[in-house]
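**Q** Need coordinates for the following:
(one chain, ligands or ions: 1)
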Amino acid sequence: MRKTLMAVAAGLVGAAFMGQALAGNVVGTVKYSGTAPAPKKIEKTKDTEVCGKVADTAEDLIVGAGGALKNVVVMVQVPGAKPPAPPTTPAVLDQKGCWFRPHIQIVAPGQTFNIVNDDGILHNIHTSSKVNAPFNQAQPKFQKTIAKKFDKPEIVKLACDVHNWMNGWVVVQANPYYALTGADGTFKIPNVPAGTYDVKFWQEKLGEQTGKVTVGASGDAKVDFSYAAK
Ligand SMILES: [Cu+2]
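**A** Prediction:
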């Protein structure tokens, strides 16, 4: 045991000496424990020619096979890490069939955020936020795109004042170590510096929970997490 630790320590020093970054990946799965409620059906009660006559399924809790939980934001809290640099590619929020697509997305502070009206009818985007100035803006049918930005890390709620069933989220990141779980509940956050950190999990309906992870000098550090049924 002692020998192994010394070997690991020597390896770490060696890697640092060679100028290699000491970083690993944080990987895992997020699950919903217990019986998931049946997905809610959303009736579209207005502009049905464009919005669709068929009920859509709410995206506030998406539980797949084996309890896999989709759309959980996983954030490794690396102290002193700078926010991700804003990519030159804008983030895009599409309004199609009177539905925000995607339902949730992660952006960098200062990244251009294009709100697209693909429906050719009036929408009115309305955000709820505290540290970024909220906005409430009509988007008439002839206005294809509204460009916005969120300058500070925050979870921002999106709504449309014309179609009260439209809702979504934009998560503006404080540091570059984050991921969104896929339909199979898994996530991967690459290149996290070696160390022990808090890991925040956020799901819009189930809220925020915190776990811990220790990232080694290379390879995968695994964090599996499960939300209790609500
Ligand atoms: Cu709308």
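**Q** Touching, residue 122 and residue 162? I think so.
**A** Yes: using Cβ atoms under 8 Å, residue 122 is in contact with residue 162, at 5.7 Å. The way it works is simple: take the backbone N, C-alpha and C, and place the C-beta from them, glycine included.
**Q** need the contact list for residue 175.
**A** 75, 76, 77, 78, 81, 82, 83, 84 (Cβ atoms under 8 Å, 6 or more residues apart in numbering).
**Q** From these, list just the buried residues.
**A** 75, 76, 78, 84 (16 or more other Cβ atoms under 10 Å).
**Q** Going by distance to residue 201, which of the residues you listed wins?
**A** Checking those against residue 201 with Cβ to Cβ, the nearest one is residue 75 at 8.0 Å.
**Q** Spit out the contact partners of the closest one.
**A** 173, 174, 175, 177, 178, 199, 200, 201, 202.
**Q** tell me the pLDDT at it?
**A** Note for residue 75: predicted pLDDT of 97.
**Q** tell me which element it is part of?
**A** In this structure, residue 75 sits in strand 73-77 according to DSSP states H and E.
**Q** Figure out how far that strand is from the centre of its chain.
**A** 9 Å (Cα atoms, centre = their mean, to the nearest Å).
**Q** what do you get for stretch 200-217?
**A** With Cα atoms, centre = their mean, you get 12 Å for stretch 200-217.
**Q** what comes up buried for that stretch?
**A** Buried, per 16+ other Cβ under 10 Å, within stretch 200-217: 200, 201, 202, 203, 204, 206, 209, 211, 213, 215, 216, 217.
**Q** What ranges does the chain have for its helices?
**A** Counting by DSSP state H, the chain has helices at residues 2-17, 48-51.
**Q** hey, C-alpha coordinates of the last one in PDB?
**A** This file holds the C-alpha atoms of helix 48-51, laid out as PDB (Å, rounded to 0.1, in the frame of the first residue of the first chain):
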ATOM      1  CA  THR A  48     -53.000  25.300 -33.100                       C
ATOM      2  CA  GLU A  49     -52.500  25.600 -36.900                       C
ATOM      3  CA  VAL A  50     -48.900  26.300 -36.300                       C
ATOM      4  CA  CYS A  51     -48.400  25.000 -32.700                       C
END
